[in-house]
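Colleague: have a look at this prediction, sequence included:
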Amino acid sequence: QVQLVESGGGLVQAGGSLRLSCAASGRTTFSTYAMAWFRQAPGKERDFVARIIWSGGSTYYTDSMKGRFTISRDNAKNMVYLQMNNLKPEDTAVYYCAAGLFTKATITENGYDYWGQGTQVTVSS
């Protein structure tokens, strides 16, 4: 069983930065996994943000995040990060870390088997 715990959310002014962290545990290796960040704004569906293949580090972003958000991982610590720069009020949401086998975990929720509890990011104007 994989456990994911997010941290790093908070309140930030527009134009500011935050780094979200996701601690992954429950496996000796995540080499066959993809890790992703999704977000859910109030009253909206949960949307894909970014994905990273654990082995090799290949990344993919939704177009609106390119250039502002960066996903990365630390193999030694089993950590995944989301660096968010130039934040905008529309980035306000609960951000979720997710994990799934990289062969099926792409940009839709149903490819991911494990989810964290979420961390709130609020961007004030």
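Modeller: Great, that's in hand. Residues are numbered from 1 along each chain as shown.

Colleague: check which residues of stretch 28-37 are buried.
Modeller: Residues of stretch 28-37 classed as buried: 30, 33-37 (neighbour count, 16 or more other CB atoms under 10 Å). Every C-beta, even on glycine, is put in place using the N, C-alpha and C of the backbone.

Colleague: before we move on, what about stretch 118-125?
Modeller: 118-119, 121, 123.

Colleague: and those, which two are furthest apart?
Modeller: The span of these, defined through CB to CB, is set by Gly118 and Val123 at 16.0 Å.

Colleague: mind listing what the residue most central in space within the chain touches?
Modeller: Centroid-nearest residue in the chain: Trp37, 2.2 Å away (criterion: CA atoms, centre = their mean). Residues in contact with Trp37 (CB atoms under 8 Å, 6 or more residues apart in numbering) are 20, 22, 49-51, 71, 80, 82, 95-98.

Colleague: repeat the analysis, applying 7 Å as the threshold.
Modeller: Going by CB atoms under 7 Å, 6 or more residues apart in numbering, Trp37 touches 49-50, 71, 82, 95-97.
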